[in-house]
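# With the input below, show me the fold.
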Amino acid sequence: MSNIRIEQMTPTQKVAALLITLGPSAASEIMKNIEDDSALEQITLEIAGMAKLPQEVIEAIVDEFYTVFQASSMLASGGMNYARELLEKAYGASEANDILNRLVTILNSNPFQFFNEADPVQLATSFQNENPQLIALILAYLKPEQSAKVLNCLAPNIQHRVALKIAQMETTNPEVISEVEKIVESRFSNVVATDFSKAGGTKTLANILNSTDRATEKNVIEMMEVETPELAEDVRSLMFVFEDIVNLDDSSIQRILREVDTRDLATSLKGAKEEVKQKILKNMSERAQGVLLEDIEYMGPVRTKEVQKAQGKIVGVIKALEAVGEVTIYRGNSQEDELIE
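Numbers count the residues shown, from 1 in each chain. Presented below is the predicted three-dimensional model:
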C-alpha cells in the first residue's frame, strides 16, 4: 500500500490511516465511541493490514478530515454563506467550493435506501443472524413504515434488542456509514429489488413502533421496561402526543372526557392548536362547552410546564383507556385498526 494515492483510498482506509496517525491513546478513545461492530471490525482490519503511508498521503488525509469537520462546524454555527466566506479566506474560492461540495454530498446522502424497496419478510429473514447493532443502524435510516414491517417479522428476542440499539443510537461518522453501506448492499444483494444527520434515538424508534402491529409494540416495550425502564418510558411518551387527539374518533373522545379533570382539560388547551380545541369542544354538550371556555378565559397566563404537565395527564388517561380496550389509537396501516362492518 506504500504507493497508494489518497484518491484511491476508501473512506474506511482513510479513517484507519487517521487513527494510526493520531496514535494509540487518541485512537483508542475514538474507537470506543464507534458503536457499530461491523464498521469497527472493518476499520480494525484496515489498521492491521496497512503498510507505512507516504508522508504526503498522511498530510492529505489529516487535511481532508480537518477541513470537512471545520466546514461542518461552520455550517452548524452560521450556515452555508458563513462557511463559504470563511473557507474562501482560508483556502481560496476554488478549494472552498470543493470542500463544501464534498460536505454537502455527505450531508444529503441517505444510506441504505435500496432496502426501502425490498421485501420486508425477506429482509427480516436475512437479518435474523446479524448483529442487532447492524440491523438497528439499517432500520434507523429507512422509512419508518418499512422499518416497522421488518421489525414485525423479526423474532421476538431480536425485536427488543434491535429496538434498544435504535433508541440508544447517536450520530455515526458519515464516511464510515458510506463504507458500511457498500458492504451491506453487496452482502444482501439477493433481497434488494445515502445525510450527515442523527439517525436512531427514541423518536426514531417511536415512529417505527407507531407503525408496527400491537404485538410487536407490546413485546418491544415490555422487554425494554425490564432492561432499561427509563428509555422505555421515553419511547412510550413519544408514541402518542397530545396533538394526536385529533386522530381519535368521537366516541373515544367522549369516553376520555369522562375521566379527565376539568381543570387539567382547561389548562391543557391553553395554547393548543385550534383543531385540537375544536375536536374536544364538538364532543361536549353546549353547557359543558361554555364552562370549559369560561375556565380557559379566566385562567389567565399559564406556565408552559403547567400546560405540558396537564397535557401529559390527559395522554396518560388515553393510554390507560387504550390498555383496557376502551379507546382506539390508530397506528399506521395496522390491520388490527381496520373497521369491520
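# rest of the way, CA atoms for contacts and neighbours
OK.
# which residues does residue 23 contact?
For residue 23, the contact set (C-alpha atoms under 8 Å, 6 or more residues apart in numbering) is empty.
# State the distance from it to residue 224.
Separation of residue 23 from residue 224 (C-alpha to C-alpha, to the nearest Å): 38 Å.
# pLDDT at residue 249, what is it?
On the pLDDT scale, residue 249 is placed at 91.
# oh, I was asking about residue 218
At residue 218, pLDDT is 74.
# That one is in what secondary structure piece?
For residue 218, the host element (DSSP states H and E) is helix 214-227.
# Might you quantify the distance of that helix from its chain's geometric centre?
18 Å (C-alpha atoms, centre = their mean, to the nearest Å).
# same thing with stretch 288-308?
34 Å.
# which outside residues touch it?
For stretch 288-308, the surrounding residues in contact (C-alpha under 8 Å, 6+ apart) are 262, 263, 266, 267, 268, 269, 270, 281.
# Kindly recompute the last result at 7 Å.
266, 267, 268, 270, 281 (C-alpha atoms under 7 Å, 6 or more residues apart in numbering).
# what comes up buried for that stretch?
Applying a neighbour-count criterion of 16 or more other C-alpha atoms under 10 Å, one finds 292, 295, 296, 307, 308 buried in stretch 288-308.
# Closest one to residue 62 out of those, please.
residue 308 (47.3 Å; C-alpha to C-alpha).
# how close does the closest one get to residue 270?
Residue 308 is 10 Å from residue 270, where distance means C-alpha to C-alpha.
# Equivalent analysis for residue 238, please.
In terms of C-alpha to C-alpha, residue 238 sits 21 Å off from residue 270.
# more crowded one of these two?
residue 270 (22 against 16; other C-alpha atoms under 10 Å).
# what about that one, is that helix, strand or coil?
coil (DSSP: H, G, I helix; E, B strand; the rest coil).
# Quick check on it: phi, psi?
Here is the backbone geometry of residue 270 (degrees, to the nearest 10): phi -70, psi 110.
# Next up, the contacts around it.
Contacts for residue 270 (C-alpha under 7 Å, 6+ apart) come out as 296, 307.
# so residue 138 is in which element?
Assessed by DSSP H and E, residue 138 sits inside helix 132-141.
# after that helix comes which helix or strand?
helix 144-153.
# Let me know the average pLDDT across that next one.
The average pLDDT within helix 144-153 is 87.
# elements contacting that helix?
Under the contact definition 3 or more C-alpha pairs under 7 Å, 6 or more residues apart in numbering; DSSP states H and E, helix 144-153 sits against helix 120-127, helix 202-211.
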